[in-house]
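In: what follows is a predicted structure for the sequence shown.
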Amino acid sequence: MDPKLMNILAAIVEAYNNTDSSIGRRTILSIVAKQVDYNLLSSVIPGLTRYRYTAARLYAEEYGKGMIKVPSHRTNIRYDPAQVEHFIDFVLSTHISIDLSFGEKTLRLSSGTELYVPDIIRSVNSTRIIQQLL
């Protein structure tokens, strides 16, 4: 076997073994997973499973070799159930909309299902609604 390849694999194995997290191991393994056969890697990395090898290959394809995936920022906002109920009551009140006893709209979904929705007329424009809420 080529001594240069063995030196590179030895460095990869050392970095792989010194990493604390499974995400870090997958990132390091993604550097060589697409070029090096599973049998060769499993012979130099003890305990390497085919699942981890395949996950590293998929990771390299999706994010790039050795690239660190930056998690997207996500904010969860929780509302008090009483506030949500008050808002729904307000929006459905007669101050905002009037339900007409005649007329329906037919909504066709992409699945082919038809929904019948009653026509609703807003009796107040958007700026008035916002002013009332504030």
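Out: On my side now, so go ahead. Residues are numbered from 1 along each chain as shown.
In: hmm, Val32 is touching Ile12, no?
Out: Yes: in this structure Val32 lies within contact range of Ile12 using CB atoms under 8 Å: 5.6 Å. (C-beta placed from N, C-alpha, C; glycine too.)
In: buried residues in stretch 60-77, which are they?
Out: For stretch 60-77, a neighbour-count test (16 or more other CB atoms under 10 Å) marks Ala60 as buried.
In: contacts for it, please.
Out: Ile23, Thr27, Ile28, Ser30, Ile31, Ala33, Lys34, Tyr59 (CB atoms under 8 Å, 6 or more residues apart in numbering).
In: go again using 10 Å as the cut-off
Out: Outside of stretch 60-77, the residues within contact range by CB atoms under 10 Å, 6 or more residues apart in numbering are 23-24, 26-35, 56, 59.
In: ok, back up a step: now for Val32 and Ile12: what residues contact both?
Out: Leu41.
In: circling back: got a markdown table for the contacts of stretch 60-77, with secondary structure and distance to Leu41 too?
Out: As requested, those are exported to a markdown table (DSSP: H, G, I helix; E, B strand; the rest coil; distance: CB to CB, whole Å):
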| residue | secondary structure | distance to Leu41 |
| --- | --- | --- |
| Ile23 | helix | 18 |
| Gly24 | helix | 16 |
| Arg26 | helix | 13 |
| Thr27 | helix | 15 |
| Ile28 | helix | 11 |
| Leu29 | helix | 8 |
| Ser30 | coil | 12 |
| Ile31 | coil | 11 |
| Val32 | coil | 7 |
| Ala33 | coil | 7 |
| Lys34 | coil | 11 |
| Gln35 | coil | 10 |
| Ala56 | helix | 9 |
| Tyr59 | helix | 15 |
